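Colleague: return a 3D structure for these sequence lines:
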Amino acid sequence: METRSRKRRAVVDCSSEDDFIELDGSESDDIMCSQAFDVEVPGVQENSDDEILSDSKVFFIQFQKMKKLKQSVSKFAGVIGFMSEEKKAIVRRYGFGSLLLFDKCFVPKKFSKWLASHVEVKSGDLIVNGKVISLTTDSVNLVLGIPLGGTSFPSNYSAGKATILSKIGKTSLPQISFFVDKLRAESLSEEEVIVCFLVVALHCFLCPNSNLVPSPRYLGVFEDIEHLRSYDWSGFVLRWMLHGVKNFDKGKKDVHKSSVTLGGCMFYLAVCIWIMLISLVAK
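Modeller: Prediction:
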């Protein structure tokens, strides 16, 4: 069946409370965020006008539910908010300036679960009412702006972990709140800034999970800080998300588990389904 690609400006309103940990002392706010993206809309299978109208209604209902949920400031959003322009300039020089744009982009828990329930992990597709969007490293790069291609994240993370510990003066990995507090300090080297910022970004936004301590699985890239951009960040984030959805689906079937944490960048999925909606209503 024929597929097409069109360029549209997709404005995504989303928020989250559950995948992120609130800043100490932060207040809960009713914040709606509008993050704009210039995106190439992936091909969506052609259907009749009646089917398109029905599908669009389903998507709009989900987004209306999302807008009614109360949102709170996440740790990652808080970090971006209090970082000085000098520190932000350092992040940009290392090639990760796109992450500074996601200061109010969260996805509510219920909507995250709805998104995850429509992901076919084996094929790497987001499928809703027969409409399909392939979840690819290219689309991750398009949505998040993180490096695409290059070297895979090292499976041996010991050297990268050792580099981080030497930068922060610790013998074991502290909780993520330590890295947040570290970024508040005025006298930090450029390497300390980018290490702390990316650890927070990975833990809270790109590859979130339920642990309070950063996962060692992504620390290998910090072995050579000057070459952080040489790694396939988009590929790692996509695999982490698909793995998180797979574990979530498996956990739901386990009667002995009272609750299951959904890991992965749900904001990426939210943008993908918004793209799907835009492609339908634009026809």
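Colleague: low-confidence stretches in the protein?
Modeller: Across the chain, the ranges flagged by pLDDT under 70 are 1-74, 252-261, 282-283.
Colleague: and the strands in it?
Modeller: 6-12, 28-29, 35-41, 71-72, 119-120, 125-128, 131-134 (DSSP state E).
Colleague: run me through the strand neighbours of the fifth one, direction for each.
Modeller: So the one you mean is strand 119-120. According to DSSP bridges, strand 119-120 forms sheet pairs with strand 125-128 (antiparallel).
Colleague: for the strand it pairs with, list the C-alpha coordinates in PDB.
Modeller: Extracted as PDB, the C-alpha positions of strand 125-128 are listed here (Å, rounded to 0.1, in the frame of the first residue of the first chain):
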ATOM      1  CA  ASP A 125       5.800  -0.200  15.300                       C
ATOM      2  CA  LEU A 126       3.200   2.100  16.900                       C
ATOM      3  CA  ILE A 127      -0.200   0.800  15.800                       C
ATOM      4  CA  VAL A 128      -3.500   2.500  16.500                       C
END
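Colleague: could you list the buried residues of it?
Modeller: Residues 125-126, 128 are the ones in strand 125-128 that count as buried (16 or more other CB atoms under 10 Å). (Each C-beta comes from the backbone N, C-alpha and C, glycine too.)
Colleague: contacting residues around that strand?
Modeller: By CB atoms under 8 Å, 6 or more residues apart in numbering, the residues outside strand 125-128 that reach it are 55, 58-59, 115, 118-120, 132-135, 269, 272-273, 276.
Colleague: looking at those residues, which has the most residues close by?
Modeller: Cys272 (27 neighbours; other CB atoms under 10 Å).
Colleague: isn't that one right up against Leu135?
Modeller: Yes - between Cys272 and Leu135 a contact is recorded at 6.7 Å, counting by CB atoms under 8 Å.
Colleague: ramachandran angles for Ser117?
Modeller: The phi/psi pair for Ser117 (degrees, to the nearest 10) reads phi -70, psi -10.
Colleague: I meant Leu135, not that one.
Modeller: Dihedral pair for Leu135: phi -90, psi 110, per degrees, to the nearest 10.
Colleague: spell out which residues sit in contact with the residue lying closest to it once chain neighbours are set aside, please.
Modeller: Nearest non-adjacent residue to Leu135, counting by CB to CB, 6 or more residues apart in numbering: Gly124, 4.8 Å away. Each residue near Gly124 by CB under 8 Å, 6+ apart is listed here: 134-136, 238, 242.
Colleague: nearest to Gly160 among the residues you listed?
Modeller: If you rank those by distance to Gly160 using CB to CB, Leu238 comes first, at 20.2 Å.
Colleague: measure the closest one to Val143 for me?
Modeller: To Val143, Leu238 is 11 Å away according to CB to CB, to the nearest Å.
Colleague: then Lys87?
Modeller: Look at Lys87 and Val143: by CB to CB, they are 24 Å apart.
Colleague: now Ile168. Nearest residue, chain neighbours left out?
Modeller: Closest residue to Ile168 apart from its sequence neighbours, by CB to CB, 6+ apart: Lys182 at 6.5 Å.
Colleague: that neighbour: what's it in contact with?
Modeller: Lys182 is in contact with 168, 188, 192, 196, counting by CB under 8 Å, 6+ apart.
Colleague: any buried residues in stretch 180-190, and which?
Modeller: For stretch 180-190, the neighbour count (16+ other CB under 10 Å) marks 180, 182-183, 188 as buried.
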